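**Q** need a 3D model of the sequence below.
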Amino acid sequence: MKQTERKHLAIIEAAKAEFIEHGFVAANMDRISLVAEVSKRTLYRHFDSKETLFISVLRIIQESVNENVQYQFDPEKPLKSQLIEITRHEVDVLYNTYGMSLSRIIVMEFIRQPELAKNLVKDLYSTNAIAEWFKLAIEAKAIVDKDVSLLTNIYTSLFQGLFFWPQMMELAPLCEGEKVEENINTVVDVFLTSFALNK
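**A** Residues are numbered from 1 along each chain as shown. So this is what the prediction gives:
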């Protein structure tokens, strides 16, 4: 790895930690350059603003998710067991890849900067492993033939309603242990009751 690439990654890692600890508004480029062990001039040569750096951090996380997350539809396996495994993995991505701390920062910035939110959604969520799985399930005539975006939005709403928004608003603790499995089964059962052809 070239020195320039090492510096770039060091900046990203330092920035992620800074945003999580201090939030976007209070995040400080001086602290980021100090932790990354680069000059402020070098920092701005890689990222011309704090907003650009913030977006880059999120894009890199999402690219990593997209590269590592692919859900293969298997017509030989029960639909429910496949969607349970997918949902279990989505919980892991949410809680361990993004983390609720960074997720709170993202939501706060979406509220504070609607234009930033629009750009992030467009750039970060253009591909979706779950949507691809739904498409394959439709082709296999395992679920009803509806718009994939609609199915994805419904599934996501169910998922976030149990695993994301209550925790984001601090109305409920992070799901752990048996509660995770209970909520996973609820998401899957409600979704498949409405859309599965082979229940």
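**Q** please, where are all the helices along this structure?
**A** With DSSP state H applied, the chain shows helices at 3-26, 29-36, 40-46, 50-68, 79-92, 100-112, 114-124, 129-139, 148-163, 165-168, 178-195, listed in chain order.
**Q** least confident of these, on average?
**A** Set side by side, the helices of the chain give their lowest mean pLDDT on helix 114-124, at a mean of 59.
**Q** enumerate every residue touching the nearest residue to V38 once chain neighbours are set aside.
**A** Closest residue in space to V38, ignoring its immediate chain neighbours: K7 at 5.3 Å, by CB to CB, 6 or more residues apart in numbering. In this view, the C-beta of every residue, glycine as well, is placed from N, C-alpha and C. Applying CB atoms under 8 Å, 6 or more residues apart in numbering, one finds that K7 lies in contact with A36, V38, T42, H46.
**Q** which among those gets closest to A137?
**A** A137 lies nearest to H46 out of these, by CB to CB, at 41.8 Å.
**Q** neighbours of the closest one, how many?
**A** Neighbour count for H46, taken as other CB atoms under 10 Å: 17.
**Q** could we number from 334 for the rest of this?
**A** In the new count, where the first residue is 334, that last one comes out as H379.
**Q** roughly how far does N486 sit from D381?
**A** 34 Å (CB to CB, to the nearest Å).
**Q** my bad, should have said F492
**A** 36 Å.
**Q** same question for S490.
**A** 36 Å.
**Q** same check on Q403?
**A** Noted for Q403: a distance of 34 Å to D381, by CB to CB.
**Q** kindly report the same for E351.
**A** 17 Å.
**Q** the more surrounded of the two?
**A** The residue with more neighbours, out of E351 and D381, is E351; 24 against 10, by other CB under 10 Å.
**Q** isn't the more buried one up against A360?
**A** Yes. Taking contacts as CB atoms under 8 Å, E351 lies within contact range of A360: 4.8 Å.
**Q** number of residues surrounding the residue nearest to S397 when sequence neighbours are not counted?
**A** The shortest distance from S397 to any non-neighbouring residue, by CB to CB, 6+ apart, is to T430 (7.4 Å). Look at T430: counted by other CB under 10 Å, it has 14 neighbours.
**Q** contacting residues around T430?
**A** Residues in contact with T430 (CB under 8 Å, 6+ apart) are I394, S397, V398.
**Q** how many other residues sit next to the last one?
**A** This points to V398. By the criterion of other CB under 10 Å, V398 has 17 neighbours.
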